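Visitor: Next come a sequence and a model predicted from it.
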Amino acid sequence: MIEIITAWAINYGLVTAGSTVAAFLVGWVLKKIPTDRFAKWAEKIGKAQGLAITTFFNAKLPRLYNGVIEPVFISTIHALIFAWWGGFKKGLETDN
């Protein structure tokens, strides 16, 4: 019986120590990633995509784009995405 308890304690201790070291290493690596550079890159790509779509719709359907798509659709999408993102971020930051 003592052998089983000892084996369990050693196994549990090794798993706990190993997962702690792994979590520390993952956190250390994530801190080394230059997120500001990636954020600027992602923003630049998004801006180029938005400009391409705007240019296309303004050339093909200017009245529809300026009358409906830009003021209604884009504002709605913007509000929904940021509302979702705010809730998602709050959920991730919650300490249960």
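Guide: Received it, and whenever you're ready, just let me know what you need.
Visitor: looking at this structure, which helix or strand does the model trust least?
Guide: Taking mean pLDDT, DSSP states H and E as the measure, the chain has helix 2-32 as its least confident helix or strand, at a mean of 81.
Visitor: after that helix, next one along is what?
Guide: Next along the chain after helix 2-32, taking DSSP states H and E as the criterion, comes helix 35-60.
Visitor: Give me the contacts around the helix or strand following that next one.
Guide: Once the chain leaves helix 35-60, the next helix or strand it forms, by DSSP H and E, is helix 62-64. Helix 62-64 has contacts (CB atoms under 8 Å, 6 or more residues apart in numbering) with residue 57. C-beta: built from backbone N, CA, C; applies to glycine.
Visitor: If you count neighbours, what's buried in helix 62-64?
Guide: Within helix 62-64, no residue qualifies as buried by neighbour count (16 or more other CB atoms under 10 Å).
Visitor: I'd like the distance from it to the chain centre, please.
Guide: 34 Å (CA atoms, centre = their mean, to the nearest Å).
Visitor: now do stretch 24-40
Guide: 13 Å.
Visitor: Straight-line length of that stretch, end to end?
Guide: In terms of CA to CA, to the nearest Å, the two terminal residues of stretch 24-40 are separated by 27 Å.
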